[in-house]
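[1] Show me how the following folds:
(one chain, ligands or ions: 1)
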Amino acid sequence: MKLENEMWAYALKNAIEYGRAVVGKVLPKLFNHGLDKKDIGKIMPSLQKIVDEVNKMSVSAREKEFEKFKGFVKEREVVDKMLPDIDISGLNEVVTRIAPEPSKYAHIGHAISFLLNYQYARKYNGKCFLRFEDTNPEKVSQEYVDAMKEDVLNYLGIKVDGVKFISDDMEILYDYARKLIGMNRAYMCFCDRNKMQDLRHKGQACDCRRNSRKNNLDEWKKFVDGKYTKGEAVLRIKGNMKSKNHVMRDSVLFRAIPVKHYRQGDKYKVWPMYDFYNPIEDSLMGVTLILRSNEFDLRIELQDKIKDLLGLRKQKIIQYGRFNVIDFTTQGREIRELVESGELVGWDDPRLITLRALRRRGITKEAIYGLVEQVGLSRHQVNLDFDMIASINRKIIDARAKRYFFVQNPIGLIVNNRPNVSEVELKVHPDFDDTRKLKVGQIYISREDFEEFSGKEIRLLHLFNIQLNRLPNATFTTVDNKDVPRIQWVSDYVDVRIFMPNGNFINGFGDIGLKSLSVGELIQFERFGFCRLDKKEKENKKVVYEFWFTHK
Ligand SMILES: [Zn+2]
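    From the prediction side, this is the model:
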């Protein structure tokens, strides 16, 4: 069948991005693959069949299947026109990089920086590389590399043009260091940390600065060979000890960290500092454009000096205000301790704003892209809080999340004079045709609702009205819709547990329609909030549906 692969590809993509595939969304894509309008009728039955198949698949099955078909997707996505134009005159091509240090799990602040660099590369048909700045063997690890790859490539869906590890370039970086020493622009310093700090503060040079080039080259060799341990020696640039910019006061370029490196093992004993490897790697990789927050402002002078001394190409740098994450800790060390002590369930704990945590609780990739559009290249500090993310996410998922009933602290009602209704069929979303059938037997509502509306008439959503009397009694009033509070109820139910952002669980009953959900699906519990199905767990012969709360 013509275009079958493309139909699968777009149906799966559509389902992965929006929770379910829709014929009307897949069809227009096929025009980019030569579909003629007059042939729509011919392919419709097959397309409908494929879309139905895809919608029956679990989230993980869709993702697995998409791997087979993704090559058929023609990428003509419009890169958000919301991002302001920037002046790229003078650049042959736009090449950006995403350059995390793999020393923790990436959080929302990182994601914005990653996406700005990625989106501008796309906007100008350029390239974007992922570069792991893994030169501190005490902090970096494979775990964080894997986590960042997962977050950047899978969750954020960033398609990079290459992945690089700075620790693979150590020989090159050593060569550049030797070159600087040979030019008499760097020297070995043996002062202790306090003395160095004190003299830098006073703007005075230490005696080491006067050592000969020959002496420095000899000492550098010993240094690289591991003859000095941590704190005994460093390589410093000859900057300007009187400079107002303290970064220029003979910053350290290399230090001894004789610790096993997760990727290079025991091969290297001395490791470069950020201000040294960063400008060199940017030039080596052909990076032409860097978007970064202005907290690096003072470092530009030093990095430019290094580029000048080594004859390296400069990049266009665009700075934006830094992102200040409110209400959440983003400190790697602090989070690690909380995870290790068991206070947090992991780096994906909903009390965090790591990408892991956001993903697991149901923040969509599109919401993160939306956030980037919203904050853009603001010059001022931007305060980020979860509400900003939630409000963008809500707009996206409200249109597609199926709706169900959840009743916390359920109490079984005794309804007097109840009409003989044994089943109702309800839509799962006002915009979809899908429905679920709910048997009507013993009716449960939440204790909180009962107490709040005690003595009043309420409507059991999509069912009938009752008057709440003394717990647990109620009396049927009418099937007519009246202007009374509407509350959710369940009858035939599954056990539900919801992990809340404060670390507590809420237990209750969910309507039987939940049985059709796959793990990973985002839904809305009416009058409660959005949740993502995290797992179905067998406990004492019953299955508990565990959700993670997304937001209201
Ligand atoms: Zn010294």
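
[2] For the stretch 251-400 of the chain, which residue gets nearest to the ion?
    Going by CB to the ion, the ion is nearest to Val252 of the stretch 251-400 of the chain, at 10.6 Å. C-beta here means a position set from N, CA and C on the backbone, and glycine is covered the same way.

[3] For Glu4, which non-adjacent residue is closest in space?
    The shortest distance from Glu4 to any non-neighbouring residue, by CB to CB, 6 or more residues apart in numbering, is to Ser46 (6.9 Å).

[4] helix/strand/coil for the one you found?
    Under DSSP: H, G, I helix; E, B strand; the rest coil, Ser46 falls in the helix class.

[5] pLDDT score assigned to the most centrally placed residue in the chain?
    The residue lying closest to the centre of the chain (CA atoms, centre = their mean) is Leu355, at 3.2 Å. Per-residue confidence at Leu355 stands at 96 (pLDDT).

[6] Asp495: how many residues sit nearby?
    Using other CB atoms under 10 Å, Asp495 is surrounded by 17 other residues.

[7] Got the phi and psi for it?
    Main-chain torsions, Asp495, degrees, to the nearest 10: phi -80, psi 130.

[8] if I pick it, what's in contact with it?
    For Asp495, the contact set (CB atoms under 8 Å, 6 or more residues apart in numbering) comprises Asn507, Phe509, Gly510, Lys542, Val543, Val544, Tyr545.

[9] which parts of stretch 316-323 are buried?
    For stretch 316-323, burial by neighbour count (16 or more other CB atoms under 10 Å) applies to Lys316, Ile317, Ile318, Gln319, Tyr320, Arg322, Phe323.

[10] Out of those residues, which is nearest to Thr364?
    Phe323 (19.5 Å; CB to CB).

[11] Setting the sequence-adjacent residues aside, check what's closest to the closest one.
    Nearest to Phe323 is Gly109, by CB to CB, 6+ apart, at 4.4 Å.

[12] any chance you could map the strands in the stretch 301-450 of the chain?
    Along the stretch 301-450 of the chain, counting by DSSP state E, counting those that start in this stretch, strands occupy 316-320, 323-325, 382-384, 402-404, 406-408, 410-412, 414-416, 423-427, 435-439, 444-446.

[13] hey, C-alpha coordinates of the helix or strand harbouring Glu281 in PDB?
    In this assignment (DSSP states H and E), Glu281 forms part of helix 274-284. Output in PDB follows, covering the C-alpha atoms of helix 274-284 (Å, rounded to 0.1, in the frame of the first residue of the first chain):
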ATOM      1  CA  TYR A 274      36.400  25.600  32.700                       C
ATOM      2  CA  ASP A 275      38.000  28.900  31.500                       C
ATOM      3  CA  PHE A 276      40.700  26.900  29.700                       C
ATOM      4  CA  TYR A 277      38.900  24.000  28.000                       C
ATOM      5  CA  ASN A 278      35.700  25.900  27.200                       C
ATOM      6  CA  PRO A 279      37.200  28.500  24.700                       C
ATOM      7  CA  ILE A 280      39.500  25.800  23.200                       C
ATOM      8  CA  GLU A 281      36.700  23.300  22.700                       C
ATOM      9  CA  ASP A 282      34.300  25.900  21.300                       C
ATOM     10  CA  SER A 283      36.900  26.700  18.700                       C
ATOM     11  CA  LEU A 284      37.900  23.100  17.900                       C
END
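
[14] what angle separates whichever helix or strand comes after that helix from strand 316-320?
    Once helix 274-284 ends, the next helix or strand along the chain (criterion: DSSP H and E) is strand 289-293. Comparing the axes of strand 289-293 and strand 316-320 via axes from the mean of the first three to the mean of the last three CA atoms, to 10 degrees yields an angle of 20 degrees.

[15] Pull up the pairing partners for strand 289-293, direction included.
    strand 316-320 (parallel) (DSSP bridges).

[16] Quick one: end-to-end length of stretch 88-95, please.
    Terminal residues of stretch 88-95 are spaced 11 Å apart (CA to CA, to the nearest Å).

[17] that older thread, tell me the spacing between the residue of the stretch 251-400 of the chain closest to the ion and Pro272.
    Between Val252 and Pro272 the computed distance is 10 Å (CB to CB, to the nearest Å).

[18] Those two - which one has more neighbours?
    The residue with more neighbours, out of Val252 and Pro272, is Pro272; 27 against 17, by other CB under 10 Å.

[19] Am I right that Arg436 is in contact with Leu426?
    Yes - proximity of Arg436 to Leu426 meets the contact threshold set by CB atoms under 8 Å, at 6.0 Å.

[20] Show me which of these two is the more surrounded one.
    For Arg436 versus Leu426, neighbours defined as other CB under 10 Å are more numerous around Arg436 (19 against 16).

[21] Name the nearest residue to the more buried one, ignoring sequence neighbours.
    Once flanking residues are discounted, Arg436 sits nearest to Gly513: 3.2 Å by CB to CB, 6+ apart.

[22] Close to the ion: what parts of the protein are there?
    Taking CB under 5 Å from the ion as the contact definition, the chain meets the ion at Cys189, Cys191, Cys206, Cys208.

[23] If we use 6 Å, what do you get?
    Cys189, Phe190, Cys191, Cys206, Cys208 (CB under 6 Å from the ion).

[24] Report the contact partners of the last one.
    Think Cys208. Applying CB under 8 Å, 6+ apart, we find Cys208 in contact with Tyr187, Met188, Cys189, Phe190, Cys191, Arg236.
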